[in-house]
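K.L.:
sequence unknown, structure follows:
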């Protein structure tokens, strides 16, 4: 799990963090809240304003004397490039430091084509999305559909990504764009996106993605939990109670992904004589009212819930968020998940547990990637050094 760095209360980054809650403040407000000397506050504000990260948004309401200026965080001072890469498609976006998406594009791809094919596609898309006269780029955030060693940005034995293991993803992208590049597992970033933009008040969250694969991201004490080697949350390759000897693409048998992913649902429908080739077909059929598709998705939700129930009893989240393409089919998947979790988990663990659909939706991953980069770019370790130089 990440640990929060020790921040000098008088540093520019600490003052900026105060302003990032969206409430404009006068110099006197900042002095009162921080306990810093007025001269220190003035010097820090001057540095942040020179960098464009803080704006003077005008005068406060006068109380008889000269109105005081109010200062606010300027999220548009830098741009962030973000990508959420899945097995068959990617969402590519340009955002500001407040994680507001300014431009978004969907790209069809095959992750098995390898990094030397996929990464140039992302770079090309970002260059086309960037405004000609836009703000400087603070960095790039990329989510990949497999375990990632976050400290190096290199995929770590990803089961569905031939050619990616150990590849220097940041090195290739930095060479093209000349900015810092951060890489993480796609579902970790989906969890970060949900937490940052939709559920900031929740301190303990499991976010589950159900699509071509199945994975989860964990927020613990308000911080993303990655695990020792970036493999935390690999829900899809836990053995399902009713998985039997069904072969999974990871090489094992009986994995949850082998029986409850989008392709597994499509295969089950084909066995029943229903025309379903892809995950998108399953979603389309449920939305069209297909009884068979609805039953298959409900059962997949139960299977996912059986595995998730153990995670709930062990991790004790206050919130489970279910997203991914299959979740867009409606309530069937969620109903199945709830059925199993509430039946199988410890009553104490589920007493105040909410199981809800994604609020960030298909853009959760790129929102999380943008949040990851913004947090890095505005951290004391990065921002204070930049301003000092």
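P.N.:
Everything's here; your move. In this text, all values refer to a predicted model and were calculated from it rather than measured experimentally.
K.L.:
buried stuff in stretch 170-177?
P.N.:
For stretch 170-177, burial by neighbour count (16 or more other Cβ atoms under 10 Å) applies to 170, 172-174, 176-177. The C-beta positions use only the backbone N, C-alpha and C, and glycine is treated the same way.
K.L.:
so how far is the top helix by length along the chain off the chain centroid?
P.N.:
Counting residues, the longest helix in the chain under DSSP state H turns out to be helix 291-315. How far helix 291-315 lies from its chain's middle: 22 Å, per Cα atoms, centre = their mean, to the nearest Å.
K.L.:
could you say what helices and strands that helix packs with?
P.N.:
Judged by 3 or more Cβ pairs under 8 Å, 6 or more residues apart in numbering; DSSP states H and E, helix 291-315 is in contact with strand 205-210, strand 214-220, helix 256-260, helix 262-271, helix 279-287, helix 331-344, helix 347-350.
K.L.:
how about the helices in this structure?
P.N.:
Using DSSP H, helices in the chain cover 12-19, 27-34, 38-50, 115-129, 169-177, 186-197, 256-260, 262-271, 279-287, 291-315, 331-344, 347-350, 364-377, 385-388.
K.L.:
just send these back as CSV, with mean pLDDT too.
P.N.:
Shown next, in CSV, are the helices of the chain (pLDDT from 0 to 100):
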stretch, mean pLDDT
helix 12-19, 94
helix 27-34, 94
helix 38-50, 95
helix 115-129, 97
helix 169-177, 98
helix 186-197, 96
helix 256-260, 96
helix 262-271, 97
helix 279-287, 96
helix 291-315, 96
helix 331-344, 96
helix 347-350, 90
helix 364-377, 97
helix 385-388, 90
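K.L.:
closest to residue 229 out of the ones you listed?
P.N.:
Closest to residue 229 of these is helix 186-197 (Cβ to Cβ; 12.9 Å).
K.L.:
between helix 364-377 and the closest one, find me the angle.
P.N.:
Helix 186-197 runs at 70 degrees relative to helix 364-377, counting by axes from the mean of the first three to the mean of the last three Cα atoms, to 10 degrees.
K.L.:
helices or strands next to helix 186-197 in the packing?
P.N.:
Going by 3+ Cβ pairs under 8 Å, 6+ apart, helix 186-197 lies up against strand 79-85, strand 137-144, strand 205-210, strand 214-220, strand 223-225, strand 319-323, helix 364-377.
K.L.:
turn those into CSV, including distance to residue 236.
P.N.:
CSV is the format used below for these (distance: least, Cβ to Cβ, whole Å):
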stretch, distance to residue 236
strand 79-85, 17
strand 137-144, 15
strand 205-210, 9
strand 214-220, 4
strand 223-225, 17
strand 319-323, 14
helix 364-377, 16
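K.L.:
and of the ones you listed, who's closest to residue 295?
P.N.:
The closest of the helices and strands packed on helix 186-197 to residue 295 is strand 205-210. By Cβ to Cβ, the value is 16.1 Å.
K.L.:
done for today, thanks.
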